[in-house]
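>>> quick one: sequence plus predicted model below, questions after.
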Amino acid sequence: MKTRNMNIILLALVVILSIIPLAMYSGLGEDEGYFGGADGAASDVIEASGYEPWFQSLWEPPSGEIESLLFALQAAIGAIIIGYFLGYWRAEAKHQKDD
Amino acid sequence: MHIIEGFLPWYWCVFWFVLSIPVVVYGIIKIKKVTDEIPESKSLLAVSGAFMFILSSLKIPSVTGSCSHPTGNGLGAAIFGPAVTAVLGTIVLIFQALLLAHGGITTLGANVFSMGIVGPLVAWLVYTGLVKAKISSRIAIFFAAFLGDLLTYVTTSIQLALAFPQPSFGAALGMFLGIFAVTQIPLAITEGLITVVIWNAILSSKSTLLKKLKILNPNHNESGDL
C-alpha cells in the first residue's frame, strides 16, 4: 500500500473514533455531565471524600476563551516545529537525489 | 492524566519528585550525549517534543462521555528511550501547569512519573521488543504509542488510589481506573494511529538516521508494506 493511502485511512479512522462519542451522546452537554474532563471527574471524587487541596494554581486562565487561546497556542507551537522539519527533510532528500 | 494542583498530600508529592528527578537528570545527560554523537538527531528530538506538545493539547471525546487527551509519549520513547522522553514530558507539563492550570507544580513529580516515565518506558519496551521480533516498525510504533498512552493513565489511577485508598486501595483503584483508563482506551487507539502517520513521514525521509540511532533493522526497506 502506498504510504499516502495508508495515512488517509489512518486519519479517517481517527476522525471516525472521535465522532462516535459525539454521535452517541448527541444533544447532551456539559450541563448533563457529558464531555467534561476526566481530570476534573477524578478531583470531584477526591473532594467528595472530604479532602481539601492544599495548594492552588499560581495562575489560572481567567476564562474559557483565554484557556482555549493557550491550548491553541500549545498546539500551534508543536505544529510549526513539525511542519518546519518535515518540509526541511523532504527538500533535503530531494536535493540529495538531484545530486 | 493530570493530577490537579494540590490534589496529592504533600508527602506523596515529595515521593514522586524523588523518583522522577533522577530520571529527568539522566535524560538531560542522555540528550547531550546523543546530540553530541549524532548532531542530526536534534531535528528528531525537536519533532518528538513538538509531537507531545500537540497531542497533549488535544482534548478528545471518548465513548464514556468524558474528554481526555493523548500523551504523544510513544514517538519520543521509541526513538530516544524513556529518560529523554521524561525531559520532553517535563517541558510540556510545566507549560500546562503554569499557563493552563492543568496539572500543577506540586503534582509535577507525579505527572512526570506517569506521562514522562512509566508510559515511555512501556512504549520503549514494546517498540524494541516487537522490532527485535522482526515485526514491522509501523506495527511496533502503533502498539508502543497505544500502550504508552494507556499505561500513563493506569499509572495516574494507581497514584491516586495510593494517596486516597478509600474505602480500600483496590476499590479506589477500580474507581480511578474507571474514570481514567476506560475513557482512555479509544483515545489510546487514536494516539497509536496518529503516531503511525508521523512515523510514516519520518521513515520516508529519515530512515538512514533511524538506522544510525539503531532503532530500525539495518536491512529495513522503506516500502509501504506493513
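Arrived safely.

>>> would you map the helices across chain A?
Secondary structure of chain A, counting by DSSP state H: helices at A:3-24, A:38-48, A:64-98.

>>> report the central residue of chain B.
Within chain B, the residue whose C-alpha comes closest to the C-alpha centroid is residue B:73; the distance, by Cα atoms, centre = their mean, is 2.6 Å.

>>> tell me who's in contact with residue 93.
Just going to use chain A. Residues in contact with residue A:93 (Cβ atoms under 8 Å, 6 or more residues apart in numbering or on different chains) are B:204-205. The C-beta positions use only the backbone N, C-alpha and C, and glycine is treated the same way.

>>> can you look at chain B instead?
B:2, B:103, B:108, B:111-112, B:115-116.

>>> stretch A:34-41 spans what distance, first to last residue?
Stretch A:34-41 has its terminal residues 11 Å apart, counting by Cα to Cα, to the nearest Å.

>>> before we move on, what about stretch B:109-119?
The stretch stretch B:109-119 measures 14 Å between its terminal residues, going by Cα to Cα.

>>> that one near chain A anywhere?
No: Stretch B:109-119 stays out of contact with chain A when judged by Cβ under 8 Å from any Cβ of the partner chain, the minimum separation being 10.3 Å.

>>> let me see the mean pLDDT of that stretch.
Rounded to a whole number, the mean pLDDT of stretch B:109-119 is 98.

>>> pull the residues that contact the lowest-mean-pLDDT helix or strand in chain A.
The weakest-scoring helix or strand in chain A, judged by mean pLDDT, DSSP states H and E, is helix A:38-48 (a mean of 91). In this structure, residues lying in contact with helix A:38-48 by Cβ under 8 Å, 6+ apart are A:53, B:1-4, B:7, B:66-68, B:102, B:156, B:160, B:164, B:175-176, B:179-180, B:183-184.

>>> do stretch B:129-136 as well
Looking at what lies outside stretch B:129-136 - Cβ under 8 Å, 6+ apart - the contacts are B:137, B:139-140, B:143-144, B:215-217, B:225-226.

>>> just the ones of the contacts of helix A:38-48 in helices?
Counting by DSSP H, the members of these that fall within helices are B:156, B:160, B:175-176, B:179-180, B:183-184.

>>> for residue B:184, give its distance to residue B:164.
Using Cβ to Cβ, to the nearest Å, we find residue B:184 at a distance of 20 Å from residue B:164.

>>> what does residue A:82 give?
When Cβ to Cβ is the yardstick, residue A:82 and residue B:164 sit 38 Å from each other.

>>> re earlier: out of residue B:184 and residue B:164, which sits in the more crowded spot?
A count of neighbours by other Cβ atoms under 10 Å in any protein chain shown puts residue B:184 above the other of residue B:184 and residue B:164, at 29 against 20.

>>> residues touching that one, list them.
With contacts taken as Cβ under 8 Å, 6+ apart, residue B:184 has the following neighbours: A:38, B:62, B:68, B:149-150, B:153.

>>> one step back: wait, the residue nearest to the centre of chain B touches residue B:152, no?
Yes: Residue B:73 is within contact range of residue B:152, at 6.7 Å (criterion: Cβ atoms under 8 Å).

>>> give me the common contacts of the two.
Jointly contacting residue B:73 and residue B:152 under the rule Cβ under 8 Å, 6+ apart are B:115, B:119.

>>> now do residue B:217, the pLDDT please.
Each residue has a pLDDT score; the one for residue B:217 is 81.

>>> picking that back up, okay if I get the ones in helices among the contacts of helix A:38-48 as CSV plus distance to residue A:16 and pLDDT?
Supplementary listing: the ones in helices among the contacts of helix A:38-48 in CSV, determined by distance: Cβ to Cβ, whole Å; pLDDT from 0 to 100:
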residue, distance to residue A:16, pLDDT
B:156, 27, 97
B:160, 31, 96
B:175, 30, 95
B:176, 28, 96
B:179, 24, 94
B:180, 23, 94
B:183, 18, 93
B:184, 18, 95
